[in-house]
Each structure stands twice: as structure tokens, then as C-alpha cells.
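Peer 1: Sharing a model that was predicted from the sequence below.
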Amino acid sequence: MKQLMLFAALLAAATTFAQDKNIPKAKWHFGRAGGQDTTWGYAQVVKVGNTLYLSGTVATSLDERGITNVYRNIERSLAQYGATMQNVVKETIYTTDMDGLKAVVGFRNKFYKGDFPASTWVQISRLFMPEAKIEVEVIAELPR
Amino acid sequence: MKQLMLFAALLAAATTFAQDKNIPKAKWHFGRAGGQDTTWGYAQVVKVGNTLYLSGTVATSLDERGITNVYRNIERSLAQYGATMQNVVKETIYTTDMDGLKAVVGFRNKFYKGDFPASTWVQISRLFMPEAKIEVEVIAELPR
Amino acid sequence: MKQLMLFAALLAAATTFAQDKNIPKAKWHFGRAGGQDTTWGYAQVVKVGNTLYLSGTVATSLDERGITNVYRNIERSLAQYGATMQNVVKETIYTTDMDGLKAVVGFRNKFYKGDFPASTWVQISRLFMPEAKIEVEVIAELPR
């Protein structure tokens, strides 16, 4: 039984920890094996120490559905390591339409439940996907 | 007397700490109650552990007055947690006019007093406020 | 002999540590004295605690040569503090031509050797140098 538990622990380490055994890094990418997208070369979440770095999460519409999808995906990503929106300490929002984003800020705000991070919003020329209108990246901190 | 000090300590915790008691997070927003802007949903400074994350600070003119205002506001924000520009480890500058920014770099540089952070400068389409020409965000580290 | 070693240690501290003795900050800038560019006011690498913040590294062509130069410079910067691409936890890529970047992603990916960071890619209007087409900044974590 002890051997089985040891084997399970090793297997978990193999699937969540990165190649370099020297830094306490773990990765997750929407349930994908290896915790990353190897085509474009990124992980949705990288955990290092108590910090979570998330790649940008996108939507193609600046409306309730688009904004809600973005933050639900962020919530899902954070949840892999036991975090919620209340663990988010820094947010960067890239959008192709700042006025369009401002009009729907309420759909974003409710995810934070009155506990907001530091946040910077910039309007850029385009995102990774040509049809994307918003990309939100966050840094979150786990309890020590 | 001890009870009074305990009460004062609890009150201080209530005004500077975030809802989630599990992470050592504090927030500040230009003296505003609760340490955040609840309309747009962000805090000017979030402190987590020994790290300070600042939201972008803006100016509408790329001249001595605009640049000086930006960095005085950053200094004021850092000072809430006992930090100075010398604690800044990373800076990102977003501007709508890179050549205009380069022409006034001297007004920025003097704030760093010869001790510069890692810094990335990008020219973007527009900022949160349509009339803003520069937005500077920084990460600072407090002594351990 | 002990005095000589002490002198060497003090000299090393003097050249790699920042002015503020209170935070464990070190800087490097392509072998430059003082670890920074004092004209534009930035350091290529700032080390604080176990975290490395790198300024953006640029190329003027989105082809094998340009991409390879960017990541070789990042590798060189990381190596100053004993880190490799496998220590990178977060990457931000700013480009003036997203489709051009996507076409050469393979030249980037091989540097990561199958161990990718969280990464956000945005297309912006221009970079610090008018002729630059890509600027890559990373955060890396050293072993504790």
C-alpha cells in the first residue's frame, strides 16, 4: 500500500512538475498532458513557489458572454492550485477597444467580489487570434 | 490598555488587509477607504509578502510637468509601504508617442537617482483615458 | 590571503549590488560597469531574492536570425545568475507583426526545450527602436 502511494506521488510529480527539478515549478493547461501547449509553446498556468503566473485568457466579444467566459476560464485556471479571484494581486488587460471594454466592466467586477487587484488596461493593435478583442493576464499569490 | 492596543491592531488589519485572510495582501488607493477604486475595480497598490504591485500611473502630456507628476504619484504610492524608487525592480512604460517619451527621459531618470530597474517600453494605440499619453507601472520589493 | 578574499568579495558586492543595501538587488547589463544603461535608465537584468526580471530583448527581423538573436541574448542574460530558459516562468512578447511572429515560432520554441512558461503575445504600434519588430521580456526564478 505504501509503495502504491509512493508510486502515485511520483506519477503526480511527473505530470505536474517541470523538467528542471531544481526549481519548484508546476504547470497546467486546460487538462492537457504535460501542462502545456507544445504547438505555440506556453502553459496556461505556471506555479513557482507561492506565485501563479497565468497566460492571457481571451474573448472575441466585449459583452456579458465574452467577459464572463474570460473570467470563468481564469477562475478555472486558478482553481487548479487552490486559488480564487481573491488571490489575484496583479491584472493586465489588453483590448482592441477600450471604450467597448469600459462599457462592460460590471461583468468583470462581479468576479472580484469587491476585492480588486492592481490592474493596468491598454488598447493594443491586435491579439494572438485576429478576432480576439480582449486578453486578460493575472498574477496570483497562494497562502504561505 | 492591552485590550485597546489589540483593538487598534484589529482596526488597522481591517482597513489595510483584503477580505481573504489567508494571503498577506494589503491595498492602497490614494487615501480612499478600502484601498481601492470600486467603480473601475482596481487598487493603486497591492502589497503581497514583500512585493508591491502598482497599477499604471498616467499623464496627459509628455513634458516635464507630465513626467514629474507620474513619478511623484509612484513615489507617493510606494511610500505607503515604506518604499522608494530604489525598491523598484521592474517598470513597464506604455506610451502613445515613443519619440515624445524619449525626448523627456531625463525628467524620468532623475527620480531613479542612478539606480535603474529592468524596464520595457512599448508604444500602444491608446490608454484607459483617451487623452493619456503615458502610463507607467512598476513592481517594487521591500526589504525582507 | 583571507584579507585578499574578503577584498574580492567586497569588490564583487560593490559591482553587482545596487545602492540601496536594504534590498537584495543585483543588476547586469551586457557586461557594462554598474550593471545598467544610464542613458535610457534601465538594467537588462535585475535580480531580487530568487527572481530575475529581464528588460525586453529585441530584434529587427522576424526570421531565424532575428528570433535566435533574441533568445541567445535572453540566455546570456539569464546565465549571469546561473539560470537557463528552464527557469523562465513568465514571458511577454510584444510584436509589430503577429502573423510574422507566428510563422517563426519554431525558432523560439526550440530554446525552451519542451518546457514552456506562461506567455502572453500582443501586437503593438511600435517598440523603443523604430525598426524593431519583436521585444521579448521574461521573469525567471532561481532555485531556492
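Peer 2: Here it is on my side, so go on. Computed from a predicted model, the values in this text were never measured in an experiment.

Peer 1: Enumerate the residues of chain A near chain B.
Peer 2: Applying C-beta under 8 Å from any C-beta of the partner chain, we find that chain A lies next to chain B at A:50, A:84, A:86-87, A:89-91, A:98, A:102, A:105, A:108-109, A:112-125, A:139, A:141-144. Where C-beta positions appear, they are placed from N, C-alpha and C, glycine not excepted.

Peer 1: try 6 Å
Peer 2: Residues of chain A lying close to chain B (C-beta under 6 Å from any C-beta of the partner chain) are A:86-87, A:89-90, A:98, A:109, A:112, A:115-125, A:141, A:143.

Peer 1: can you tell me which of those residues are in strands?
Peer 2: Using DSSP state E, the subset of those located in strands is A:Val89, A:Lys90, A:Ala118, A:Ser119, A:Thr120, A:Trp121, A:Val122, A:Gln123, A:Glu141.

Peer 1: Cross-check the contact I'm expecting between the fifth one and B:Gly56.
Peer 2: Yes: with contact defined as C-beta atoms under 6 Å, A:Thr120 counts as touching B:Gly56 (4.0 Å).

Peer 1: Would you mind checking the residues of chain A next to chain B for buried ones?
Peer 2: Among the residues of chain A next to chain B, those classed as buried by 16 or more other C-beta atoms under 10 Å in any protein chain shown are A:86-87, A:89-90, A:98, A:109, A:112, A:115-125, A:141.

Peer 1: joint contacts of A:Thr120 and B:Gly56?
Peer 2: B:Glu137 (C-beta atoms under 6 Å, 6 or more residues apart in numbering or on different chains).

Peer 1: Quick check: the residue nearest the centre of chain A vs C:Thr96, distance?
Peer 2: The centre of chain A sits closest to A:Leu54, judged by C-alpha atoms, centre = their mean, with a distance of 3.5 Å. Distance of A:Leu54 to C:Thr96, computed by C-beta to C-beta, to the nearest Å: 25 Å.

Peer 1: How about A:Met98?
Peer 2: Counting by C-beta to C-beta - A:Met98 and C:Thr96 are separated by 20 Å.

Peer 1: before we move on, what about A:Ser61?
Peer 2: Applying C-beta to C-beta, the value for A:Ser61 to C:Thr96 is 26 Å.

Peer 1: more neighbours, the two?
Peer 2: Between A:Ser61 and C:Thr96, C:Thr96 has the larger neighbour count (other C-beta atoms under 10 Å in any protein chain shown), namely 21 against 15.

Peer 1: Could you list which residues are in contact with that one?
Peer 2: By C-beta under 6 Å, 6+ apart, the residues touching C:Thr96 are C:Lys133.

Peer 1: can you give me phi and psi for A:Trp28?
Peer 2: Main-chain torsions, A:Trp28, degrees, to the nearest 10: phi -140, psi 140.

Peer 1: Which parts of chain A are helices?
Peer 2: A:2-16, A:64-79, A:98-102, A:105-112 (DSSP state H).

Peer 1: is the third one anywhere near chain C?
Peer 2: No: for a cut-off given as C-beta under 6 Å from any C-beta, helix A:98-102 has no contacts with chain C; the smallest distance is 14.0 Å.

Peer 1: That helix - what's its average pLDDT?
Peer 2: Averaged across helix A:98-102, the pLDDT comes to 98.

Peer 1: contacting residues around that helix?
Peer 2: A:Leu62, A:Thr95, A:Gln123, B:Arg126.

Peer 1: one more time with 7 Å, if that's ok
Peer 2: Here helix A:98-102 makes contact (C-beta atoms under 7 Å, 6 or more residues apart in numbering or on different chains) with A:Leu62, A:Ile93, A:Thr95, A:Trp121, A:Gln123, A:Lys133, A:Ile134, B:Arg126, B:Phe128.

Peer 1: Low-confidence stretches in chain A?
Peer 2: A:1-22 (pLDDT under 70).

Peer 1: tell me which parts of it are close to chain C?
Peer 2: Proximity of chain A to chain C (C-beta under 7 Å from any C-beta of the partner chain) is limited to residues A:18-20, A:22-23, A:25, A:36, A:38, A:40-43, A:45-46, A:48-49, A:53-56, A:94, A:124-128, A:135, A:137.

Peer 1: how about 6 Å then?
Peer 2: Going by C-beta under 6 Å from any C-beta, the residues of chain A near chain C are A:18-20, A:22-23, A:36, A:41-43, A:46, A:48, A:53-56, A:94, A:124-126, A:128, A:137.

Peer 1: Neighbour-wise, which one of the contacts of helix A:98-102 leads?
Peer 2: In terms of neighbours by other C-beta under 10 Å, these top out with A:Ile134 at 26 neighbours.
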